[in-house]
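Engineer: sharing a sequence plus its predicted fold:
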Amino acid sequence: MSNEKNIFSLIFSLLNNFTSSLISSIFKPMLEYLKRPLAVTDLEMTGLDAQLHEIIEIGLIVINQSTFKIIDKFEVKVKPTHIKTAQKKALEKNGYNEKDWRKAWELKDAVEIYAEKTRDAIFVSQNAYADWSFMAEAFKLTGVEDLTDYHRLDLFSVGWSKAEEFDLTKFSLTSMCKSLGIEPEPLPHRAMNGAKKALEVLRKLSNPQVVF
């Protein structure tokens, strides 16, 4: 009888440990996502096709997602390698000119710094699909390892989910800025200005308790 009790105790202990480990493996990553920094990113590009066009400026603000406290910043102009494929409208919007870009960085140097600053962070941008398609292509072209978390946060989606609460009917960055009482980004667009406006909109929609 004593041996049977010992066996049952051992089985119960093993099952309990297994269950605890299983629950931990399911919920621990979820908790980690809530603790990871947010990499609020804005890019200026020479067009909309990541296979044809290129990044010419990166604006990054890394924040604590709980407090919205700024952890790090990075702003850099990137030297274009095939400016002839650029769309005229895109260059008019971002104000590209050879004079202002004469000290621009090589793409690989810029992406290496970006990767270092966004380790384990969740990528955030106004249009995550468009911006991330260019970042993914930049990582591929330069061979730099992408160290971000694999989740992406789209500001459009955040606004759409809060449409009724904030009376939003349009979801471009400019439209949401106007609806939320935020001064829209001026022209020509600068990547850091875009990142700052995206952060202001995100903060307004998220209602963090700690003042930014």
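Structural biologist: Perfect, I can see it now.
Engineer: following the chain onward from the helix or strand of the chain with the lowest mean pLDDT, which element is next?
Structural biologist: Lowest by mean pLDDT, DSSP states H and E among the helices and strands of the chain is helix 2-35, with a mean of 54. The helix or strand immediately downstream of helix 2-35 is strand 38-45, counting by DSSP states H and E.
Engineer: what pairs with that next one, parallel or antiparallel?
Structural biologist: Sheet pairing for strand 38-45, assigned by DSSP bridges, gives strand 55-63 (antiparallel), strand 122-125 (parallel).
Engineer: now do the helices in this structure.
Structural biologist: Using DSSP state H, the helices of the chain run over 2-35, 88-94, 107-117, 128-142, 155-161, 163-166, 173-179, 191-206.
Engineer: for the residue nearest to Leu91 when sequence neighbours are not counted, give me its contacts.
Structural biologist: Leaving aside its chain neighbours, Leu91 sits nearest to Thr46 (6.7 Å; criterion: CB to CB, 6 or more residues apart in numbering). Yep, even glycine has a C-beta here, placed from its N, CA and C like the rest. By CB atoms under 8 Å, 6 or more residues apart in numbering, the contact list for Thr46 reads His53, Glu54, Ile56, Pro80, Ile83, Thr85, Ala86, Gln87, Ala90, Leu91, Tyr96.
Engineer: got these as CSV, with pLDDT, distance to Ile113 and neighbour count columns?
Structural biologist: Formatted as CSV, the contacts of Thr46 follow (pLDDT from 0 to 100; distance: CB to CB, whole Å; neighbours: other CB atoms under 10 Å):
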residue, pLDDT, distance to Ile113, neighbour count
His53, 98, 22, 20
Glu54, 98, 17, 23
Ile56, 98, 16, 23
Pro80, 97, 18, 21
Ile83, 96, 22, 15
Thr85, 96, 25, 13
Ala86, 97, 24, 19
Gln87, 97, 27, 15
Ala90, 96, 24, 17
Leu91, 96, 24, 19
Tyr96, 96, 21, 21
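Engineer: mind checking which of the residues you listed land in strands?
Structural biologist: Ile56 (DSSP state E).
Engineer: go through the contacts of Thr46 and name the one nearest Ser172.
Structural biologist: Checking those against Ser172 by CB to CB gives Ala90 as the nearest, at 15.9 Å.
Engineer: let me see the domain layout of this protein.
Structural biologist: According to automatic domain parsing, the chain comprises the domains 1-35, 36-206.
Engineer: please identify the deepest-packed of those domains.
Structural biologist: domain 36-206 (a mean of 17; mean count of other CB atoms under 10 Å).
Engineer: now do it: distance from first to last residue.
Structural biologist: 16 Å (CA to CA, to the nearest Å).
Engineer: go on, stretch 99-116?
Structural biologist: Terminal residues of stretch 99-116 lie 29 Å apart, using CA to CA.
Engineer: pull the residues that contact it.
Structural biologist: Counting by CB under 8 Å, 6+ apart, 54-56, 58, 60, 74, 76-81, 135, 138-139, 141-148 sit against stretch 99-116.
Engineer: how far off centre is that stretch?
Structural biologist: 18 Å (CA atoms, centre = their mean, to the nearest Å).
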